[in-house]
Each structure stands twice: as C-alpha cells, then as structure tokens.
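# here is my input, please return the structure:
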Amino acid sequence: MMHKMIVSNLAHRPLRSLISIVAIALEVTLILLIVGFSLGMLNDTKNRQAGIGADVIVLPPNSSFMIGITGAPAPIKIADVLAKLNHVRSVTPVLLQMTLQSAGTPEIIYGIDLDSYETMGSKFRYLEGGPFQKPDDVLVDDFFAHSKHVKVGDNLDILNHTFHVAGIVEHGKGARKFLPLTTLQEITGNGGKASVFYLKLDDPNTADTVVDEVKAVPGMQTYVVHSMREYLSMMTADSIPALSIFIKIVIGISVTIGFIVIFQAMYTAVMERTREIGILKSLGASKAYIVALILRETTALAIAGIILGTALSLIAGFGIHSRAPVLPMEVFNLGWIGKTTLIAIVGALGGALYPAFKAASKDPIDALAYD
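The predicted structure follows:
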C-alpha cells in the first residue's frame, strides 16, 4: 500500500520529482567526475613512475615526494657515487621541468640521458620515428601525440624553444615529453644538475638495504631516498593534503546542493499535502508511518538521481578520456561510486527530515480543515 502511495505521489508531481532527481544526479556527477579526475591524474602519475622500471629513487634534500615539485639542486656527479654502491646495476639522472600547456594545465618535462634511462627497465617502444638524433629533438608519448595531433617531423614549442619531434613512444615511462638531458640543463640554467636519480638494482629485494647505504654516504644523510615500492605506496589522495581538502570541499558543495533541493521539494510537498496527511492520520496512521512515507519518497528520488548521475558520469568520463587521453579519468571506481551513493542518500534524507517530522506533527483536525 505504501509503495503505491509513494509512486502515485511522485508521479502526481512529475516536474518537481524530475527536478529533484536531476539535482541529485548533478550532485553525484560532480563528485564522481572531480574525484575521478583527481584520482585518475594521481594514479596515472603513479603508473608512469612504476613504468620507468627503477628499484630505488633518490631526491634532493627537502624534496616533496611528488615528482616535479622539486627543482634541480643536486649535482649530477652524485650519479657516479651511487653507481659504486653494492647491488646498484645502473643509475640515471633526470632533470624535471614543470611548465604550463597552452590550456593552462601543468605538465612535467623530463630531461634524460637516453642510454642510462633505458637501463631502468624495458626500452622505449617507438610507434613512429626513433631516438634523439640532435640536441633539439624531442620524444613524445602516444597519448600526447593523439590529443595534439602531433606527428614525427612536426615542430613543438617547449620552454620558448622550437623542438623537432624525433619519435612517438608508447606511454607509461615517466613523462609525456622527453628532451636530451644536456639540452634541458642548458635551457633551464641547471648545467651539471639533476632533479632525481633512479637506481636499478641487480636484485629488487635488496632495495631497502640500498636505501640505507645511500643514506650512509657522507653528505647524503638529508637526501630523500625510497625504494620504488615504498615511494609508489605513498602516492594516495590522503598523502596529498591539498588534494584531500579539495575532494572534501567538492563533496561538501555537492551535498549542500542536494540537501537544499530535497529540503525545498519535500517541504513544499508536505505543505501541499496537508489535507492528505490529515486523512491518513484520521485513518489511524501513526507519526512513524508519516515520517517513513516522506523518507521513502525521498529515498526513491535519491536512488533515481544516483542511477542517472552515475550513468552521466561514466558517459562524460569516457568522452573526456577519448577526446583528451592526457587527462586520465577514473570514474568507474566502485569504491567511490559506493561512497557517493551513501553521501547522496544521507544528504537527501537529511534534507527531508524536517519536512517529514513537520508532516507527522500536524494535528489531524487542523489538517482536514486545511484548504
């Protein structure tokens, strides 16, 4: 009986029901897209770091664990010191330079010594072209090439210099753009310096031992040294205060939107159904029954909104990624879909509580006399 009443009430006011559903859908879509974009970028960075193939990472003193935040204060000669440690098979110094793309989004360019960089793991897989031939050559990954319609032989403006695209490589090995190390050092005025040192070991299981050995080297006690396994495990949203706060702000705004819309919709519905509520109470409906009726209607609206919002998020996420592969989206995250569902339902029920209790507290005689 109650279910039929709920469906009838929602169908009797289709526009208001639709507005409520759309509002909750927008709440869900906003959360899933923003969180999906944030986690997608973070996990993409994590996967690309893992794709380099190194076992240990060494950063200059006071560096953030996030690649690209640090500058280039470390002498490149440190690579020779690190190469002499036990279990170290090879070392590659990398210079990082953060810059802004034309759209205003940040990107990190890697200056690499190609030969030593490829000793970290598998070599670059060239989809077109080949390795550096000249100082003004640049390698780009396939995601960047696809999104910017770049081909081998094209020119790219990077850091106010013109570079020639020598090769397009498969994505997943650090950056999306690679310059010769000496070229990037010269352009940025960081001659003889590097931002990070990657170490490849003869046995990955000795990574913790090598970390201790690096820290024991005179003058390197203040360097930030991690096994790659430990380093990657640190790359979570909770480990980045700004990202964690940003996600909480987005959730707070979204919940506020859903709360206000549901509150307004259910409060108006209660006022319009005063006589109906009086009839129910005169027939013996308890306060708990009236509250349950309002909250179940709200839950039905919330579920419809969640389904619509999740569908819109998935469609938008796949659309954005297909149009711009360099903007990874992680919308299909079951954990966050579950969290967003709970957030939307709790927010909607919170908005409906006052209207529900107001309806339950109406005097049946006054309600029947209401015109």
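# could you chop the chain up by domain?
2-43+240-369, 61-222 (automatic domain parsing).
# next, format these as TSV and append mean pLDDT and mean neighbour count.
Yep, even glycine has a C-beta here, placed from its N, CA and C like the rest. TSV is the format used below for the domains of the chain (pLDDT from 0 to 100; neighbours: other CB atoms under 10 Å):
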stretch	mean pLDDT	mean neighbour count
domain 2-43+240-369	75	18
domain 61-222	89	17
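# format the ones you listed as CSV; extra columns: distance to residue 49.
Formatted as CSV, the domains of the chain follow (distance: least, CB to CB, whole Å):
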stretch, distance to residue 49
domain 2-43+240-369, 11
domain 61-222, 7
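# nearest to residue 234, of these?
domain 61-222 (5.4 Å; CB to CB).
# what about that closest one, distance to the chain center?
When distances are taken as CA atoms, centre = their mean, to the nearest Å, domain 61-222 is centred 23 Å away from the chain's centroid.
# right, and the domains of the chain - which one's nearest residue 231?
Per CB to CB, nearest to residue 231 of the domains of the chain: domain 61-222, 6.7 Å.
# okay, how far is it across that closest one, tip to tip?
Start and end residues of domain 61-222 are separated by 5 Å (CA to CA, to the nearest Å).
# ditto for stretch 129-145
Stretch 129-145 end-to-end distance (CA to CA) = 12 Å.
# run through who's touching that stretch.
Identification of contacts with stretch 129-145 by CB atoms under 8 Å, 6 or more residues apart in numbering yields 114, 124, 127-128, 150-153, 156, 158, 161-173, 175-180, 182-183, 325-326.
# stretch 296-314 too?
With CB under 8 Å, 6+ apart as the test, stretch 296-314 has contacts from 2, 6-7, 9-10, 17, 20-29, 32-33, 36, 258, 262, 265-266, 269, 331-332, 337, 340-341, 344-345, 348-349, 351-352, 356.
# now do stretch 200-213
So stretch 200-213 is contacted by 53-56, 85-92, 119-121, 199, 225-229 (CB under 8 Å, 6+ apart).
# ranges for the helices of the stretch 151-300 of the chain?
181-188, 207-216, 228-233, 241-272, 274-282, 287-323 (DSSP state H, counting those that start in this stretch).
# closest one to residue 47 among these?
Nearest to residue 47, of the helices of the stretch 151-300 of the chain and by CB to CB, is helix 228-233 at 8.9 Å.
# quick check: buried residues in the closest one?
For helix 228-233, a neighbour-count test (16 or more other CB atoms under 10 Å) marks 228, 231-232 as buried.
# contacting residues for the residue lying closest to residue 162 once chain neighbours are set aside?
Spatial nearest neighbour of residue 162, excluding adjacent residues (CB to CB, 6 or more residues apart in numbering): residue 155 at 5.3 Å. The neighbours of residue 155, taking CB under 8 Å, 6+ apart as the test, are 162-165.
# rebuild these as TSV, extending it with distance to residue 107.
Shown next, in TSV, are the contacts of residue 155 (distance: CB to CB, whole Å):
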residue	distance to residue 107
162	17
163	14
164	19
165	16
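# among the residues you listed, which one sits closest to residue 73?
residue 163 (25.3 Å).
# give the contact list for the closest one.
136-138, 155-157, 179.
# how near is the closest residue to it other than its chain neighbours to residue 115?
Distances taken as CB to CB, 6+ apart put residue 138 closest to residue 163, at 4.0 Å, once the chain neighbours are dropped. Computed as CB to CB, to the nearest Å, the residue 138 to residue 115 distance reads 17 Å.
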